[in-house]
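J.: sequence first, then the predicted structure:
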Amino acid sequence: MRGTDSVVPKPRRGATRRRRTVSLLALVGACVLSLSATGTAVGDPATDTGFSPPFSGAPGYEYLAPPQMTDPSQLNQPLGQQAAEEIAARIGLGPEDALTEQQYQDLTTGGGVGGSSDAAAVINACAEILTNTNGRPLFSDVDGVSTPSVLGSYGLYVNPAGLLESPANADAPTRQVNSLIAPGGFVGTWLRNNGATDTLVALYRSAYTVQAVYGFAAQQMSGTAQLVTNTKGGVTSEVGMSMAPPLWIVNFALLYILKPSLAAAMPAYWAPIPPEVADAVKASPTGQVPFKDYASYFE
């Protein structure tokens, strides 16, 4: 979440925090979008992920993003809290950096000083899309029927109108939220006005800042479809932008400061989009296709 103040050194954990005015880098926002729920350790920094710059993000953090799944049981599996806390620590965040429960409730219900129900609706939609993992389906209108879908590992989701798209699609709340978290935007202002300046400082001292630069560059190169090509071991596949390392880590950081349990519900592994589906999304002038026409590819 972005503001326009200048970051100062973060106090040691356990030290008394002081409210500070901070000047933040003017970065474009990304949504507030090797691990397992049983506590699998984070990946090996030397591992070749198959993503190339800028889609690989900052080299020092690439290994923290989800690896490609190797077993069907890993599809749409959430991180789990233990793995989420380990990732958070490695990118420079901890539980003390997250909003308090009251701040979280106020922000996501339109409360607090300067709260907005419209902004809260966008933030909540982002959280739902980015945590579309097992046990957390999204529901969409498919031919008049409320239809559940779980596609987080593919970096895709089905919008309320039943269209399949990348979370980075221009139509998605996870892309539209950029205006809320941009410098001088709603979120940074709300945090400062509601006693959460320390959270803002912590976010901008974390890997979020450098990864946001890579994420912005990646999004600008990916056209309407907002898919990413991965090449590893001579095999080329595609996944939605939200599962590329820099965007995944940016979204992780944003969800973590919002509420750590939300970050723990993000996908632990990425899965290649079926080629027929990827081709259709790329061929669509809007980067969207009817889910009903392609649902069978995900069964």
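T.: Arrived safely, thanks for sending. Numbers count the residues shown, from 1 in each chain.
J.: test my guess that residue 132 contacts residue 151.
T.: Yes. Using C-beta atoms under 8 Å as the test, residue 132 is close enough to residue 151 to be in contact (6.1 Å). (C-beta placed from N, C-alpha, C; glycine too.)
J.: any shared contact partners between those two?
T.: Common neighbours of residue 132 and residue 151 are listed as 76, 157 (criterion: C-beta atoms under 8 Å, 6 or more residues apart in numbering).
J.: who's more crowded, the two?
T.: Ranked by neighbour count (other C-beta atoms under 10 Å), residue 132 and residue 151 place residue 132 first, with 28 against 25.
J.: what's the closest non-adjacent residue to that one?
T.: The spatially closest residue to residue 132, leaving aside those adjacent along the chain, is residue 152, at 4.2 Å (C-beta to C-beta, 6 or more residues apart in numbering).
J.: distance of that neighbour relative to residue 109?
T.: 25 Å (C-beta to C-beta, to the nearest Å).
J.: how about the helices in the stretch 101-250 of the chain?
T.: Listed in chain order, the helices of the stretch 101-250 of the chain (DSSP state H, counting those that start in this stretch) span 101-109, 117-130, 173-176, 178-181, 186-193, 197-205, 208-220, 245-258.
J.: which of those sits most buried?
T.: The highest average neighbour count among the helices of the stretch 101-250 of the chain, using mean count of other C-beta atoms under 10 Å, belongs to helix 245-258 at a mean of 28.
J.: what residues of the next helix-or-strand element following it count as buried?
T.: Using DSSP states H and E, the helix or strand that follows helix 245-258 in sequence is helix 260-263. For helix 260-263, the neighbour count (16 or more other C-beta atoms under 10 Å) marks 260, 262, 263 as buried.
J.: if we can go back for a sec, the helices of the stretch 101-250 of the chain: which one's closest to residue 95?
T.: helix 245-258 (8.9 Å; C-beta to C-beta).
J.: relative to helix 186-193, how tilted is that closest one?
T.: 40 degrees (axes from the mean of the first three to the mean of the last three C-alpha atoms, to 10 degrees).
J.: does the lowest-mean-pLDDT helix or strand in the chain pack against any helices or strands, and if so which?
T.: Taking mean pLDDT, DSSP states H and E as the measure, the helix or strand of the chain with the lowest value is helix 178-181, at a mean of 87. Applying 3 or more C-beta pairs under 8 Å, 6 or more residues apart in numbering; DSSP states H and E, we find helix 178-181 packed against helix 117-130, helix 186-193.
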